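>>> Quick one: sequence and predicted model below, then my questions.
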Amino acid sequence: MLHSLAVSDLESSIVLALAYVAILLSTAVATSAAVIGLSRTVRGELTPQANRDGCLDGLRGPLALSVFTYHSFAAYVYFSGREWAWTSSPLFNQLGQSSVALFFMITAYLFSKRLLGASLSGRAVEWRGLYVSRIARLTPLYAVVVCAVVISVFSLDFTLHEPLLRLGHELASWLLFVIPGRPDINRLPNTWTLIAGVNWTLEYEWYFYLALPLLFWPLRLLSGPKGARLALGGFTTILLIGVLRRRDIVLTPLYVLHFSAGIVAALVYRDDVLRRVIASPFFRAVALLALVLLGCRMNSHSAIAVALTFMVFLAVLGGSSAGGVLRRPAVIWLGEISYGIYLIHGMVIFWVLYSARETAVLAKLDLLTFTLVAAGMAVVIVILASVSFVYLEKPAMDWAKRVTLGWRNSRRDLASVPS
């Protein structure tokens, strides 16, 4: 029976799509648990989850894996001779778009919370340390991935098709988080498919980080007793206008709404009454309904989709753990390595499916075999991301902490010198 099903049936059957998602996520969680059990180093790096920011620590891993799940099917379609585009499955589309939206909300929440903490305590924001920590967090693995892209480009075609100076400009654009643009490298069509195009989100992340100094004073003004409710009311009004006008992008660009949702969430979480509301069983039930409705919506770019995603985010921030799943060590570890999962998965998918196409295996895959192949990719991705975190990302983060601590100690020493 299963061998008679085609991979394309994932697009038309919600039951098959849900089963596919469940198999890939379960495989990743099992691999994460095995990594924790086998590696003393990983167990030492695993951060205990102590109700910090609700269950956000456990959310990041499933989000990164959801993007991988969407891209695994999109890449199959692409290597089967069609375009890399949105599918006709609302579930797959939401795995891609809404997962990214939630990542943007998490980023905005965490850094807005940091600015609010500095404002309320009267401390100055250590901007230099903040940006050093961001560079140390995002750059090392990304640079390795870009190098892997270049190696892959010349593995596919060793001929130099462009002048070295132009090639250098293309490489610089990629290394600068594609802020100047994301050109094809050495004229390889659709170079971005080597990593499933995931680096476009890092460009928006950096725009947000660069805007943080501009957000400091508005957040300080909203940190008063009524600030959270004012911000929530204003954001809700914007979304409501978008719903009534039925516009895809309402009043502001879509991704600005996602980051704004995270900022509003940071204010909500500081309000005792609102924090109790998002932690209530009623709100969690509403958020569950929002999640179900989100999976049924084809359009991820509407105001309704933003509102539904925001409710899910608030529920997780309020402590909703999906029946305890988001508090499990294996899932929390997936959250720790989520940046690696996000950056690495595209290249694993590319080379597996490219090789399958070139050997004429891809066209012969039925749904069961393809699911097993995708599950195998999930195992490889979790292992590679774990290695990357322990030996590359974490040392870079520790270095940034030492540098920032050194600056603080220097200022303290200077302040203690008698005038």
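Yep, that arrived. Numbers count the residues shown, from 1 in each chain.
>>> and residue 410, what does it touch?
Contacts here follow CB atoms under 8 Å, 6 or more residues apart in numbering; on that basis residue 410 touches nothing. For the C-beta atoms, the positions are set from N, CA and C on the backbone; glycine is no exception.
>>> okay, it: pLDDT?
Predicted confidence (pLDDT) for residue 410: 70.
>>> Next one: it from residue 404, what distance?
11 Å (CB to CB, to the nearest Å).
>>> Ok, residue 102 next?
28 Å.
>>> Who has more neighbours out of the two?
residue 102 (24 against 17; other CB atoms under 10 Å).
>>> Next, give phi and psi for the more buried one.
Taking degrees, to the nearest 10, you get phi -70, psi -40 for the backbone angles of residue 102.
>>> show me the contacts for it.
59, 63, 309, 312, 313.
>>> what comes into contact with stretch 25-36?
Contacts of stretch 25-36 (CB under 8 Å, 6+ apart): 42-43, 46, 61-62, 65-66, 69, 328-331, 333-334, 375, 378-379, 381-383, 386.
>>> could you say which helix or strand contains the most centrally placed residue in the chain?
For the chain, the residue nearest the mean C-alpha position is residue 103 (4.2 Å; CA atoms, centre = their mean). For residue 103, the host element (DSSP states H and E) is helix 90-121.
>>> Any idea which helix or strand in the chain has the lowest mean pLDDT?
Here the helix or strand of the chain ranked lowest by mean pLDDT, DSSP states H and E is helix 394-416, holding a mean of 79.
>>> Pipe the contacts of residue 102 into TSV and attach secondary structure, neighbour count and pLDDT per row.
Listed next are the contacts of residue 102 as TSV, based on DSSP: H, G, I helix; E, B strand; the rest coil; neighbours: other CB atoms under 10 Å; pLDDT from 0 to 100:
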residue	secondary structure	neighbour count	pLDDT
59	helix	29	95
63	helix	22	97
309	helix	26	94
312	helix	21	96
313	helix	28	97
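>>> Just the closest of those residues to residue 109, please.
Comparing those against residue 109 with CB to CB picks out residue 313 as the nearest, at 7.9 Å.
>>> Skipping adjacent residues, who's closest to that closest one in space?
Leaving aside its sequence neighbours, residue 313 sits nearest to residue 105 (CB to CB, 6 or more residues apart in numbering; 4.9 Å).
>>> How about the contacts made by the one you found?
Contacts of residue 105 (CB under 8 Å, 6+ apart): 258, 259, 261, 262, 265, 309, 310, 313.
>>> picking that back up, mind checking which of the contacts of stretch 25-36 land in helices?
Among the contacts of stretch 25-36, the members found in helices (DSSP state H) are 42-43, 61-62, 65-66, 69, 329-331, 333-334, 375, 378-379, 381-383, 386.
>>> Restrict these to the buried ones and give me that as a ChimeraX selection.
To isolate the buried ones among the ones in helices among the contacts of stretch 25-36 in ChimeraX, judged by 16 or more other CB atoms under 10 Å, type:
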select :42,61,62,65,66,69,329,330,331,333,334,375,378,379,381,382,383,386
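>>> Which stretches in the protein count as strands?
In the chain, no strands are defined using DSSP state E.
>>> In it, where is pLDDT below threshold?
1-3, 47-52, 245-252, 298-301, 411-419 (pLDDT under 70).
>>> how about 50 then?
Residues of the chain meeting the criterion pLDDT under 50: 50-51, 249-251.
>>> What about the closest residue to residue 258 other than its chain neighbours, how many residues nearby?
Beyond its immediate neighbours in the sequence, the residue positioned closest to residue 258 (CB to CB, 6+ apart) is residue 104, lying 3.9 Å away. By other CB under 10 Å, 24 other residues sit near residue 104.
>>> again, but for residue 126
Residue 126, neighbours per other CB under 10 Å, totals 16.
>>> again with residue 239
Neighbours around residue 239, by other CB under 10 Å: 23.
>>> And it, how close does it get to residue 340?
33 Å.
>>> Contact partners for the nearest residue to residue 365 once chain neighbours are set aside?
Using CB to CB, 6+ apart and skipping residues adjacent in sequence, the residue nearest residue 365 is residue 7, 6.2 Å away. Contact analysis of residue 7 by CB under 8 Å, 6+ apart lists 73, 76, 365, 366, 367, 370.
>>> From what I see, residue 390 and residue 42 are in contact.
Yes: using CB atoms under 8 Å, residue 390 is in contact with residue 42, at 6.4 Å.
>>> which one of the contacts of residue 105 is nearest residue 92?
When these are compared against residue 92 (criterion: CB to CB), the nearest one is residue 309, at 15.9 Å.
>>> if we can go back for a sec, who wins for most neighbours among the contacts of residue 7?
Counting by other CB under 10 Å, top hit in these: residue 73 with 24 neighbours.
>>> Surely it is in contact with residue 11?
Yes: between residue 73 and residue 11 there is a contact under CB under 8 Å: 7.5 Å.
>>> residues shared between the contacts of the two?
87, 92.
>>> on that earlier part again, please determine how far the residue nearest to residue 365 is located from residue 257.
For residue 7 relative to residue 257 (CB to CB), the value is 34 Å.
>>> And residue 145, by the same measure?
From residue 145 to residue 257 the distance is 28 Å (CB to CB).
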